[in-house]
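Chemist: sequence first, then the predicted structure, then my questions.
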Amino acid sequence: MRTTLRVLVATGLTVGTALVAPTAAAAAAERPERETPARETTARETPGRETANRAAPVGYDVSYPQCRTELPDDAAFAVVGVNGGLATTPNRCLPEQWVWATEAGGDVPGQPPVQFYVNTANPGQVRDQVTTWPELGSNRYGVCDGGNTAACSYEYGVDRAAGDVRIVLAAARELRSELGDEVPAEIDAVDDVSDLAGYRWWLDVETMNTWQVGGADAERNNRATLEGMADHFTALGGEVGIYSTGYQWGRIAGSVPAGSSLTGLDSWLAGADDRTDAARRCGREPLVDGGEVTLVQYVVDDLDHNRACTPAGS
């Protein structure tokens, strides 16, 4: 989630490239007239300003860009990226980052100490260029026959979420094998799909990944993919939320109808300049009706920080 915004090109597609931990792409998208990442602003913040704002507990999100780097030891909660920049690739450092996340303090009500975020996309308009587009399945949109339809878009979302679950389970197996008795108890308890009940999964929705464009049908298909992912995680007993900015969400998903399973999901907003600005953005409208803004992200020294909004922090 952390790169300079690249808008949807005139041909109607952005073919996803490396997507970094949630942030500056979304931050830049909130200000479409400014193409430099928001993190460049935070890097020039007045010394001591962040320290003054750190009275309340802070959460962090990390992914493959933080591989082999020292991570902070004061996390109140942590959100770990499952993917390696694309919806179909794993974060190679998920195991070690998951271990780090289990050390989070857990002292923010309403925020589980360990959470996951997953990349999202819909390559239906370039399905001849990928090997992951579904060719069968039946769901609320009808029967998938391999075409660029809402039914196949939904199945694509289900497949991506199922793949994310496999990545997490593989990480747990790897850690048990490598650490033996020293594996954190929370991770040791994850042996199969049922053990992931209760985890929170954030859908990372950004324009820099591959999305369909071209009007209402494209937006419907994009929503169908996200619905497929949300429904799969929910069926496992997970909690689901949406990470994006209002600008990017509107371009990708359009207006979410009341009957969508996206309605009511909580929002994690990107784009704040610092913790004070994040506190202000806690009062913004959620990305979908019925949900709440529960996290707002800002960047300090190239590391994503997150302010919890509910219950209200400092």
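Modeler: Good, I have the coordinates. As the structure is a prediction and not an experimental result, all values here were calculated from the model. Residues are numbered from 1 along each chain as shown.
Chemist: can you tell me how far the closest residue to residue 124 other than its chain neighbours sits from residue 62?
Modeler: Leaving out its chain neighbours, the residue that sits closest to residue 124 by CB to CB, 6 or more residues apart in numbering is residue 148, at 4.2 Å. Glycine gets a C-beta too; all of them are placed from N, C-alpha and C. Separation of residue 148 from residue 62 (CB to CB, to the nearest Å): 35 Å.
Chemist: neighbour count: those two, which is higher?
Modeler: Using other CB atoms under 10 Å as the criterion, residue 148 and residue 62 rank with residue 62 on top: 26 against 17.
Chemist: quick one: residues contacting that one.
Modeler: By CB atoms under 8 Å, 6 or more residues apart in numbering, the contact set of residue 62 is 21, 71, 78-81, 97, 100, 303-304.
Chemist: what bridges to it?
Modeler: residue 80 (DSSP bridges).
Chemist: show me where the chain has its helices.
Modeler: Counting by DSSP state H, one finds helices in the chain at the ranges 24-30, 39-42, 49-53, 94-101, 150-179, 185-188, 216-235, 246-253, 275-281.
Chemist: of these, which stretch is the most buried?
Modeler: Highest mean neighbour count of these: helix 24-30, a mean of 27 (counted as mean count of other CB atoms under 10 Å).
Chemist: so for that helix, mean pLDDT?
Modeler: Helix 24-30 shows a mean pLDDT of 49 in the predicted model.
Chemist: ok, now stretch 149-160?
Modeler: Averaging pLDDT along stretch 149-160 gives 98.
Chemist: what of stretch 223-236?
Modeler: The average pLDDT within stretch 223-236 is 98.
Chemist: and stretch 266-281, by the same measure?
Modeler: Averaged over stretch 266-281, pLDDT sits at 96.
Chemist: now the contacts of residue 62 as TSV including distance to residue 207 and pLDDT?
Modeler: Formatted as TSV, these follow (distance: CB to CB, whole Å; pLDDT from 0 to 100):
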residue	distance to residue 207	pLDDT
21	16	50
71	28	97
78	26	98
79	20	98
80	23	98
81	18	98
97	25	98
100	30	98
303	23	96
304	18	97
